[in-house]
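Colleague: Predicted structure and sequence below. I'll ask about it afterward.
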Amino acid sequence: MKTPEKAVDARNVEPRPIGPRRIVLTGFMGSGKTTVGPLVAERLGWSFVDVDEVIAAEAGTTIPEIFKREGETEFRRRERAAIASLARGDGLVLALGGGAIEDAATRELLLSVAETLMVHLEVELETALERCRGSELLRPVLADRANLASRYGRRLPLYRMAHVTLHVDTLTPDEVAEAIVRAAGLRAAV
């Protein structure tokens, strides 16, 4: 397993010497993965894939419905399989669900696959809650504030195992996208 790099100010990211062939975005809900991912993909001329959308399409239903009908264990199995099939794609920006990082096998795969850069988009819990306001029906976990804070605290050290951590609370999506491209050592295609 690679040693994670030190957290950096997203505005002062130094380019990496060899660019990856895929970028994986991880972070808590509301960190901006599905907003920033398409921006990064567009800049690089790559494809963007949201793992939750892949799982929902394959299951023919929504993520909350999978949790309700099949439980979290089955959802995580589906998630692990989807990530494993996508993790070796070229020219790909992949957005993980917020809990994917808790699965040790998934985490190890993403940290060890050659030419993959895993980027943690770190936000404070309050920023995540503000950004997620109004999506409670899609994210039932938001109703249980105590459990949410515990979940955030449990996941934060796992997110920080990513190759790069960017603190993004005060940045615009475009600033975050630019920081990711710089961190990857890649040049924008457009």
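Modeller: Sure, I can see it.
Colleague: and residue 164, how many neighbours does it have?
Modeller: Here the number of neighbours of residue 164 (other Cβ atoms under 10 Å) works out to 22. Any C-beta I mention is one placed from the backbone N, CA and C, and that applies to glycine too.
Colleague: pLDDT on stretch 29-47, on average?
Modeller: What stretch 29-47 shows for mean pLDDT is 96.
Colleague: Stretch 155-164 too?
Modeller: 96.
Colleague: Go through the chain and flag its longest strand.
Modeller: Using DSSP state E, we find that the single longest strand of the chain is strand 116-122.
Colleague: what residues does that strand touch?
Modeller: Applying Cβ atoms under 8 Å, 6 or more residues apart in numbering, the external contacts of strand 116-122 come out as 7, 16, 20-28, 31-33, 36, 87, 110-111, 156, 159-160, 162-169, 176, 180, 183-184.
Colleague: got the residue ranges for the strands in this protein?
Modeller: 22-26, 47-50, 92-95, 116-122, 164-167.
Colleague: returning to what we had before: partners of the longest strand of the chain, with directions?
Modeller: strand 22-26 (parallel), strand 164-167 (parallel) (DSSP bridges).
Colleague: which residues touch the first one?
Modeller: Going back to what we said before, that points to strand 22-26. 33, 36-37, 40, 46, 87-96, 100-101, 110, 113, 115-121, 159, 162, 180, 184.
Colleague: pull the CA atoms of it into CSV?
Modeller: C-alpha atoms of strand 22-26 as CSV (Å, rounded to 0.1, in the frame of the first residue of the first chain):
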residue,chain,number,x,y,z
ARG,A,22,-7.5,7.4,-13.9
ILE,A,23,-8.6,9.7,-11.1
VAL,A,24,-10.8,8.5,-8.2
LEU,A,25,-12.6,11.0,-6.1
THR,A,26,-13.5,10.1,-2.5
